[in-house]
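# No letters, just coordinates:
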């Protein structure tokens, strides 16, 4: 669970932040209103906000967060609160209101309850998505037909599956479809984003830990392997795991046993492993960035999810589907795009694949007031976010990578080469910064 801690008192940021990290929470901190706005995104599960901030009001920040991120759980904290302030905070969506000095025991219990609440909500949403047909592949192209046949062939098996494909192609959807069509469909589907898992927390998160295993471990906690018992464990972006974690994953997968941190006994596990990566793992193995033995163990049943450019015939079907879903979700009249508008969308590049197309369609539907939306209006609405370089996919990708590289290098330079400070400025963990440098081909010794 990822937590954003916002307080202008450095001792609170340090003490509370360190305490939460010791019990395996992913914590980022901010000392001001405006800094917090730049740190929060969809990956944050919980925000702890001090009512009094040096450059803004904590309750106003609560309102803004709840408006931009409706699923974010917000806890307000204050050393000089009033009943009126607490009532106002709860009125605007605060989950709870804590007084300073903070009781770490009370906070940890509260966060445990929130973690369970979020987990149950995800399970509920998963069931609703299944009932509403959300987990289905949309399209009639040959690429999709082949993918569906492969999913149906692999679903009844127990062997590991390795899903490859670019970002935004729907790798997790494919994993869920395999789970949904298998005899494990009534068991849990537990997804782990390995890229968002800090190295220092990865083992505790995956394998669990016993009470007293490390400082701050005041209770035992099941790992993701045990939570997925009877179902599927989905290891997304498996290529981002460290070499030491890869060795431990190999052992667990082969022996079907896991030992929690601080534990003495091996525990049996009953899970099917589905892994995914947006990188070519075979190439990662050749370049000594991924263990060959783990690759062979995972690559028993390989699936390649095609990018949108290889299934452009499906764009019209996808656009119609997104329009219908938006109308149902927002209780609005169904809007449609004209044939020329569809043709325009078919001509665009989608480095973000289906996720990017969906974002474009939703933007069009939100900003247009016409029942039938023509191509000129679509061009105008998408102008701020679309570059009409219709046949320059590699050039655009290169330009984006160059921008990201220069931006990160400038931040590191501004931090005088201090990686911890640079990571805080970027709003990411230091381990994530190292991974990003590696992916961009930047040597740490040269920055």
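Arrived safely. Predicted model, so just to flag it, every value in this text is computed and none were measured.
# can you tell me the average pLDDT over the helix or strand hosting residue 151?
Using DSSP states H and E, the element containing residue 151 is helix 142-154. The average pLDDT for helix 142-154 rounds to 94.
# residues of that helix that come out buried?
Buried residues in helix 142-154, counted by 16 or more other CB atoms under 10 Å: 143-144, 147, 150-151, 154. C-beta: built from backbone N, CA, C; applies to glycine.
# next one: stretch 62-71
In stretch 62-71, counting by 16+ other CB under 10 Å, buried: 62-63, 65-66, 69.
# Just give me the closest of those residues to residue 75.
Using CB to CB, residue 62 is the member of the buried residues of stretch 62-71 that lies nearest residue 75, at 9.7 Å.
# what's near enough to touch that closest one?
Going by CB atoms under 8 Å, 6 or more residues apart in numbering, residue 62 touches 49, 74, 76, 89, 92-94.
# Just confirm it is within a strand.
No. The assignment for residue 62 (DSSP: H, G, I helix; E, B strand; the rest coil) gives helix, which keeps it out of a strand.
# how far away is it from residue 56?
11 Å (CB to CB, to the nearest Å).
# cool, residue 204 as well?
Distance from residue 204 to residue 56, by CB to CB: 35 Å.
# who has more neighbours, those two?
The neighbour comparison of residue 204 against residue 56 (other CB atoms under 10 Å) goes to residue 204, with 20 against 15.
# A helix includes the more buried one, no?
Yes. Using three-state DSSP, the assignment for residue 204 is a helix.
# Residue 405 is in what secondary structure piece?
Here residue 405 is assigned to helix 393-414, by DSSP H and E.
# can you give me the strands in the stretch 251-400 of the chain?
257-258, 267-268, 272-277, 301-304, 336-337, 372-373 (DSSP state E, counting those that start in this stretch).
# Can you list the residue ranges for helices in the stretch 301-447 of the chain?
315-330, 339-347, 353-367, 375-382, 393-414, 419-426, 430-439 (DSSP state H, counting those that start in this stretch).
# Just the residues contacting the first one, thanks.
Outside helix 315-330, the residues that touch it by CB under 8 Å, 6+ apart are 138-140, 308, 332-337, 342, 345-346, 354, 357-358, 361-362, 365.
# from the middle of its chain, how far away would it be?
Relative to its chain's centre, helix 315-330 lies at 23 Å (CA atoms, centre = their mean, to the nearest Å).
# Equivalent analysis for the fourth one, please.
Remark: helix 375-382 is offset 30 Å from the chain centroid, using CA atoms, centre = their mean.
# And stretch 14-30, by the same measure?
Distance, centroid of stretch 14-30 to centroid of chain: 19 Å (CA atoms, centre = their mean).
# residues in contact with residue 16?
Residues counted as contacts of residue 16 (CB under 8 Å, 6+ apart) are 5, 7, 48, 102, 104, 107.
# looking at this, it is in a helix?
Yes. Assigned with three-state DSSP, residue 16 falls within a helix.
# Which pLDDT value does the model give it?
Confidence score, pLDDT, at residue 16: 92.
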